[in-house]
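Q: what's the 3D shape of this:
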Amino acid sequence: MRLASEEDYICSLSWAKGGNYLAIGTSDCKVQLWDVYNWTRVHSLASHTSRVASLSWNDHVLTSGSRSGHIHHHDVRVADHHIFTLTGHSQEVCGLKWSPDGQYLASGGNDALIYVWPRMQEGTNSNSVQCWSDHQGAVKALAWCPWQSDILASGGGTSDRHIRIWNVNSGSCISSLDTQSQISSLLFSPNYKELVSAHGYAHNNVVIWKYPALTRVAELKGHEDRVLSLILNPDCSTIATVAGDDTICMWKSFEVDPVKKAKERLVKSTSSVIHQSIR
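A: Here you go, the predicted model:
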């Protein structure tokens, strides 16, 4: 894929539900929407004034966060796509995640703040329902619990390094854990009710934690630079990670049916390198 200008670069990615469309946030303040089957660009959404660092889908609404601190909702079905703006962050919005039921949007910023916003409805304002300032570093890693809709996990950057678990309804921090390493990405594994974290400086690893105890289950080592992001495959059995060492790793980590899991689970990389370079 080539963007409109070779001087522009990709800052964020987000798959639409169903996998037909891929949203791309770029350095030239645009959000591009691509049809992945025909590999054609179907929309270029202009509304931001600075790079688009984060994206998240909620049905037909695509939400984007920029370096300016603004969050925009786009209705991708209509030409006048920019339908709402959320303001709260004073620095770049580096993390965005809609809850699985589509009721709440969580945003994390370089200002070390987390906001939780209600789903936009006609006649409503842009007030957040929660704002948390416990982290001491940028908050890029956000994950909603798929089996408990009011639970949000967040991870702090190099100057913080903590995983924090929040109850959105009560506004309380349920638990906190110092991982001793920058946290770049989080996800919940529904098969085993565990939390997976990706790390940069200083460990460059992936860790699986039992939830809600946050006790360490397994550590996945193989990357030689910071792990930038992770994702689960559709049956939630395999973790894919991408890192600054220009490699993608696949980790066969969970049984599809947890009833069949062995007492001692061996977590290993099934394919340590897919591409020597992903650029």
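Q: use CA for all of it now, contacts and neighbours both
A: Will do.
Q: Need the distance between the two termini of stretch 156-173.
A: 14 Å (Cα to Cα, to the nearest Å).
Q: repeat for stretch 171-184
A: Using Cα to Cα, the distance between the terminal residues of stretch 171-184 is 23 Å.
Q: Contacts for it, please.
A: 130, 140-141, 155-167, 197-203, 214, 227-229 (Cα atoms under 8 Å, 6 or more residues apart in numbering).
Q: got the phi/psi numbers for residue 213?
A: Listed backbone geometry of residue 213 is phi -70, psi -20, with angles given as degrees, to the nearest 10.
Q: do the same with residue 236
A: The main-chain torsion angles of residue 236 are listed as degrees, to the nearest 10 and equal phi 60, psi 30.
Q: wait, it sits on residue 190?
A: Yes. The pair residue 236 / residue 190 is scored as a contact, 7.3 Å apart, by Cα atoms under 8 Å.
Q: what do the two both touch?
A: Between them, residue 236 and residue 190 share no contacting residue, judged by Cα under 8 Å, 6+ apart.
Q: Give the buried subset of the contacts of stretch 171-184 as a ChimeraX selection command.
A: Below is the selection syntax for ChimeraX that covers the buried ones among the contacts of stretch 171-184, with 16 or more other Cα atoms under 10 Å defining burial:
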select :130,140,141,155,156,157,158,160,161,162,163,164,165,166,167,197,198,199,200,201,203,214,227,228,229
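Q: all helices in this protein, in order from the N-terminus.
A: For the chain, none of the segments meets the definition of helices by DSSP state H.
Q: Poorly predicted segments of it, please.
A: Judged by pLDDT under 70, the chain has its weakly predicted residues at 1-7, 121-125, 257-279.
Q: one more time with 50, if that's ok
A: Across the chain, the ranges flagged by pLDDT under 50 are 4-5, 123, 262-264, 269-279.
Q: got the phi/psi numbers for the closest residue to residue 169 other than its chain neighbours?
A: In this structure, residue 169 finds its nearest non-sequential neighbour in residue 150, 6.3 Å apart by Cα to Cα, 6 or more residues apart in numbering. Dihedral angles of residue 150 (phi, psi; degrees, to the nearest 10) stand at phi -100, psi 10.
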